[in-house]
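**Student:** Structure for this input, please:
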Amino acid sequence: MSVFFDGKCFREELLGLLPLEGHTTGDIVFGKISAFFKDSGLDMKRVCMLVTDGAPSTTGKVNGLAARWSAVAPQLISLHCIVHQAVLCPKLSGALKTTMDSVMAIINFIRSTSSLQHRLFRMLLSEMSAEHHDLLLHNDVRWLSKGKALERFCGLREEIKTFLRGSKQKKAETHLSRILDDNFMADACFLSDIFKHLNDLNLGLQGRDKTVIDLVEQMRAFQVKLDLFANDSSTGRMLHFPTLRKCISSPAQITDVMTDFIAMLKSNFAGRLDGLDLPTELAVFVRDPFTVAIEGDLSARAKKLVPSTDEGKFTLELVDMQSSVTMAQELSTNVLDWCQRTSVP
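**Tutor:** You can find the predicted model right below:
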């Protein structure tokens, strides 16, 4: 995906899809992109920002894609995709990973043991007038699937118990004993709630016409929400954990495993957001360039963030913008829509 200024407006388009066969080292990826730019008549030196998934082939200090590209375009800034970083933060381990693996084992037993068993389960859901018509599978590649699979599993708890009780297979007894374990279900419901919040964040970070400011604001807001979640669990009110609240009979069932996971999330998000810290003055400028003070070090801050910025031209164009009544009236809440009406990048 490429965001660029075509001389009249800013555009966000898919520039191209390049197949990578065999090895995918930084040198090979850079070579593919270089050839594409040359064939398309584009200048690699004009690129000011590169967003990657954080893979070694893209971030290597010597032969990584970012390093190779920076040698051509010294002003290039490399960022690790914010959406991808948010997905990496809630990595499960220990007891909660065991719980997640057990949930998926139960789902796979019902759905994948045989097509007949899967059909019988769906018939049971129909007979019991269940809220959902089936369980959902989880795939690590699909970022939202973990939360959705957990939510559906917890929502169909009673139906799953009924089905396992009627099953004649030996594995059904093991799975039934697990789902009858209050502690196991409490952990599953906790994960369902926390991944619902994480999915909401993920969806909020995706989509077209999102600026870096939008993404950083959402990440910062989620950090504040994590403080609320921590306080919510410690007080036992569970305002933000509705599935867990229905599952447990006492706040005493909120375990250290749950509170430790929230603390781990806070630490991971804080660590990954450190490199995304943007000066408040610049964030205000992007949101509303007509209210910021021209005096001071605004242009210096802008150049520090985007080294290719011409401070003198930046300041003069800002004066022109703030002096224009028309531009101020046309400012919309979406900065990309507004940018399409102006020549100031």
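**Student:** Measure how buried the nearest residue to residue 165 once chain neighbours are set aside is and give me the count.
**Tutor:** Nearest non-adjacent residue to residue 165, counting by C-beta to C-beta, 6 or more residues apart in numbering: residue 176, 6.4 Å away. C-beta coordinates here come from the backbone N, C-alpha and C atoms, glycine included. Using other C-beta atoms under 10 Å, residue 176 is surrounded by 17 other residues.
**Student:** Wasn't residue 176 part of a strand?
**Tutor:** No: with DSSP: H, G, I helix; E, B strand; the rest coil as the criterion, residue 176 is located in helix rather than a strand.
**Student:** Please, which helix or strand holds the closest residue to residue 314 other than its chain neighbours?
**Tutor:** Nearest residue to residue 314, sequence neighbours excluded (C-beta to C-beta, 6+ apart): residue 299, at 5.1 Å. Assigned by DSSP states H and E, residue 299 falls within helix 298-305.
**Student:** for that helix, which positions count as buried?
**Tutor:** Using 16 or more other C-beta atoms under 10 Å as the test for burial, helix 298-305 gives 298, 299, 301, 302.
**Student:** So the residue nearest to residue 165 sits against residue 166, correct?
**Tutor:** No: with contact defined as C-beta atoms under 8 Å, residue 176 does not count as touching residue 166 (10.1 Å).
**Student:** Just list the residues touching the nearest residue to residue 144 once chain neighbours are set aside, thanks.
**Tutor:** The shortest distance from residue 144 to any non-neighbouring residue, by C-beta to C-beta, 6+ apart, is to residue 199 (5.0 Å). Listed by C-beta atoms under 8 Å, 6 or more residues apart in numbering, the contact set of residue 199 reads 143, 144, 147, 148.
**Student:** Among those, which ones are in helices?
**Tutor:** Among the contacts of residue 199, the members falling in helices (DSSP state H) are 147, 148.
**Student:** Would you format the contacts of residue 199 as a markdown table with pLDDT and neighbour count included?
**Tutor:** Compiled in a markdown table, those are given as follows (pLDDT from 0 to 100; neighbours: other C-beta atoms under 10 Å):
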| residue | pLDDT | neighbour count |
| --- | --- | --- |
| 143 | 76 | 17 |
| 144 | 86 | 17 |
| 147 | 92 | 23 |
| 148 | 94 | 17 |
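**Student:** ok, and what's touching stretch 36-51?
**Tutor:** Against stretch 36-51 from outside (C-beta under 8 Å, 6+ apart): 16, 18, 33-34, 65-66, 69, 72-73, 75-81, 306, 308.
**Student:** please redo it, this time with the cut-off set to 10 Å
**Tutor:** 1-5, 15-18, 30, 33-34, 58, 65-66, 68-70, 72-84, 212, 306-309, 345 (C-beta atoms under 10 Å, 6 or more residues apart in numbering).
**Student:** Can you tell me how far the nearest residue to residue 198 once chain neighbours are set aside is from residue 147?
**Tutor:** Counting by C-beta to C-beta, 6+ apart, residue 90 is the residue found nearest to residue 198 once chain neighbours are left out, at 5.6 Å. Residue 90 is 10 Å from residue 147, where distance means C-beta to C-beta, to the nearest Å.
**Student:** any shared contact partners between those two?
**Tutor:** Counting by C-beta under 10 Å, 6+ apart, the residues touching both residue 90 and residue 147 are 191, 194, 195, 197, 198.
**Student:** can you pull the contacts of the first one?
**Tutor:** What that stands for is residue 191. 90, 92, 96-97, 99-100, 103, 146-147, 150-151, 153-154, 243-244, 258, 261.
**Student:** so how far is residue 244 from it?
**Tutor:** Distance from residue 191 to residue 244, by C-beta to C-beta: 9 Å.
**Student:** can you list residues touching both of the two?
**Tutor:** Joint contacts of residue 191 and residue 244 (C-beta under 10 Å, 6+ apart) are 154, 258.
**Student:** Could you pull out the strands in the chain for me?
**Tutor:** 2-5, 10-13, 49-52, 77-80 (DSSP state E).
**Student:** With mean pLDDT and distance to residue 170 as added columns, please give those in a markdown table.
**Tutor:** Formatted as a markdown table, those follow (pLDDT from 0 to 100; distance: least, C-beta to C-beta, whole Å):
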| stretch | mean pLDDT | distance to residue 170 |
| --- | --- | --- |
| strand 2-5 | 70 | 56 |
| strand 10-13 | 74 | 55 |
| strand 49-52 | 84 | 48 |
| strand 77-80 | 80 | 46 |
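**Student:** Show me the one of the ones you listed that comes nearest residue 207.
**Tutor:** Of all the strands of the chain, it is strand 10-13 that lies closest to residue 207, at 10.5 Å by C-beta to C-beta.
**Student:** Show me what that closest one is packed against.
**Tutor:** Counting contacts by 3 or more C-beta pairs under 10 Å, 6 or more residues apart in numbering; DSSP states H and E, strand 10-13 packs against strand 2-5, helix 335-339.
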